[in-house]
Structure formats: structure tokens, C-alpha cells
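Colleague: Attaching a predicted model along with its sequence, questions to come.
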Amino acid sequence: EAQVTQNPRYLITVTGKKLTVTCSQNMNHEYMSWYRQDPGLGLRQIYYSMNVEVTDKGDVPEGYKVSRKEKRNFPLILESPSPNQTSLYFCASSFESPRVLPIQETQYFGPGTRLLVL
Amino acid sequence: GENVEQHPSTLSVQEGDSAVIKCTYSDSASNYFPWYKQELGKGPQLIIDIRSNVGEKKDQRIAVTLNKTAKHFSLHITETQPEDSAVYFCAVPTAGSARQLTFGSGTQLTVLP
């Protein structure tokens, strides 16, 4: 089954304790992305990756890191979590269209990770 | 950057009635307009999209209309059913990017039986 998986689904942690949220897709997608969802603010992009070893900042990258060592995995790292990073996090992936005529492709979202930072 | 406004933030309709959600955007170069549905406890899922070369697209009970001159597009759901209850997000390509999407703030649709 084609899917995007995230782990853990729920996490409670304390300020300053490093954590990693994993994301994996089995669709051979080049493009992967992390979003956070907060009430009244919709989905805001944190980081994205166009392919292996290629990552870039989204709209709200502060306090987060990512890596893309393999095509299927795109972990989100919080080196020193703070309470304002309490949120619902989604990973997404999509095909990368040809560079000559790039078009938007459907993004497939994972089930979400609910994070509470105390 | 791109500015996307979505209205209303909440919408309640009686089962069988129609629901309309509207989004406005700022970048006139935008050419792709998807709508995502997020059911409780799940990630958003694409339900319909439209590209700028057409003004309307329909898929069974859902349709999207686009007015490029006025820079707005709308999601129309007819004959609503309880399973249509969810949060709906519009999105547009982030200005200057061929891949990123800027999402609206979401609409909580409740279909009352």
C-alpha cells in the first residue's frame, strides 16, 4: 500500500530534550516536506527537500533541522524543543515533475504527529 | 510571499444542502489550485484540483470554480452527507516556487443529520 508513515504519532517531552520525528514514504517520491498545523493558522511549511541531500527552508524553519540521506526518509529534528513547538506535525511527499516544465503534483500526507512540549 | 485567505472558518449545513468555501490569493501568476480534506485524526488528502487553463472542474458531488481575474477559487459540495464533515484546506503555489504550496487557514465543515 502506497503511504507516508510517521513515528511517533504522539509525543510528550520537556523543554530542551532533543527529539526526532521520523517520516518514510514508499512511493519513490523525490519531494518531501514537513508542515506544522496550529489552530487558525492552517498548514505552515517548515522544511522541504527536492531530492537526496537537497533541503531548503520553508516558512517557519526556526528551531528545526532536517536531513535527507535516503530518498524514502526525511526525519524532523528538534535539537532543543520549546513549548511554542507544541503542535501537530505532518510529513508529505510528491513526485518531482521535470525541471523544464515543472508542475505541481499531488502531495500525500502522513497521519500526523501530535507533539506536546512541557 | 503568497497570501491566501479562506472563508468561512466554520460552516454548518443540513444534510442534503450545498456547501461553498472560498479562497482568495494574491499572486496573479498562480496556476494550480488544489483542495485538501482532513478527517479527524488523519492527514490532509487531495480531493480535487484545478489548473488555470480551465474555469471549472467537477467530480461527482464536488466541484471547484476559478476566477483568475478576481483571484479567487471556490469549493462546492452538493447533496452534503455526514461523511463530508471534515476540515477543508485550499492551497496555491508559493510565489516564486514551483513546488511549495501555501495553505489557507482551513474550514471546519459540519453536516448536520
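Modeller: Nice, I can see it.
Colleague: which residues touch B:Cys94?
Modeller: Careful, residue B:94 is Thr; it's not Cys. A:Gln45, B:Gly1, B:Glu2, B:Gln100, B:Leu101, B:Thr102 (Cβ atoms under 8 Å, 6 or more residues apart in numbering or on different chains). Where C-beta positions appear, they are placed from N, C-alpha and C, glycine not excepted.
Colleague: One more pass at 10 Å, please.
Modeller: Shown here is B:Thr94, whose contacts under the criterion Cβ atoms under 10 Å, 6 or more residues apart in numbering or on different chains are A:45, A:48, A:58-59, B:1-2, B:4, B:27, B:30, B:100-103.
Colleague: what's the closest non-adjacent residue to it?
Modeller: B:Gln100 (3.8 Å; Cβ to Cβ, 6 or more residues apart in numbering or on different chains).
Colleague: So what's the residue count around the one you found?
Modeller: 21 (other Cβ atoms under 10 Å in any protein chain shown).
Colleague: Return the per-residue confidence for it.
Modeller: As predicted, B:Gln100 sits at a pLDDT of 80.
Colleague: isn't it right up against A:Ser33?
Modeller: Yes. Counting by Cβ atoms under 10 Å, B:Gln100 sits close enough to A:Ser33 to count as a contact (7.7 Å).
Colleague: residues from chain B in reach of chain A?
Modeller: Contact residues of chain B with respect to chain A, defined by Cβ under 10 Å from any Cβ of the partner chain, are listed as B:1-2, B:4, B:6, B:9, B:30-34, B:36, B:38, B:41-46, B:49, B:51, B:87, B:89-94, B:97-106.
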